[in-house]
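*Asks:* need a structure here:
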Amino acid sequence: MTIDRMVFVFAGAVVLLSIALAHYVHPWWIALAIFAGLNMIQAAFTGFCPAAMVFKKLGAKPGAAFR
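*Replies:* Next comes the predicted model:
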């Protein structure tokens, strides 16, 4: 699996977790989904993604977006 796909899976998991926590624990957990969305937008424009850096250090193969 490439870094690009790993970032998509991680971001999707964070959003789904945030929605579940907002529903079952406290509505302010939706802020985590907002943060994940804003991070995806800035990564699209800047190419800087902390999750991609972590996955690269863990030995994942680079994809088209994060080289």
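
*Asks:* Any stretches of the protein with poor pLDDT?
*Replies:* Across the chain, nothing is flagged by pLDDT under 70.

*Asks:* which SSE is the residue positioned nearest the centre of the chain in?
*Replies:* For the chain, the residue sitting closest to the mean C-alpha position, by Cα atoms, centre = their mean, is Ala11 at 2.9 Å. Under the criterion of DSSP states H and E, Ala11 resides in helix 3-24.

*Asks:* Show me what the helix or strand just after that helix is packed up against.
*Replies:* Next in sequence after helix 3-24, counting helices and strands by DSSP H and E, comes helix 30-46. If you count contacts as 3 or more Cβ pairs under 8 Å, 6 or more residues apart in numbering; DSSP states H and E, helix 30-46 packs onto helix 3-24. No exception for glycine: its C-beta is placed from N, CA and C like everyone else's.

*Asks:* export the helix it packs on as CSV, just CAs?
*Replies:* Provided in CSV are the C-alpha atoms of helix 3-24 (Å, rounded to 0.1, in the frame of the first residue of the first chain):
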residue,chain,number,x,y,z
ILE,A,3,1.6,6.4,1.4
ASP,A,4,-1.2,8.2,-0.5
ARG,A,5,-3.6,5.4,0.2
MET,A,6,-2.5,5.1,3.8
VAL,A,7,-3.2,8.8,4.3
PHE,A,8,-6.7,8.4,2.8
VAL,A,9,-7.4,5.5,5.0
PHE,A,10,-6.1,7.3,8.1
ALA,A,11,-8.1,10.5,7.3
GLY,A,12,-11.3,8.5,6.7
ALA,A,13,-10.8,6.6,9.9
VAL,A,14,-10.3,9.9,11.9
VAL,A,15,-13.4,11.4,10.4
LEU,A,16,-15.5,8.3,11.2
LEU,A,17,-14.1,8.1,14.7
SER,A,18,-14.9,11.7,15.3
ILE,A,19,-18.5,11.4,14.1
ALA,A,20,-19.0,8.3,16.4
LEU,A,21,-17.4,10.1,19.4
ALA,A,22,-19.5,13.2,18.7
HIS,A,23,-22.6,11.1,18.7
TYR,A,24,-21.9,8.9,21.7
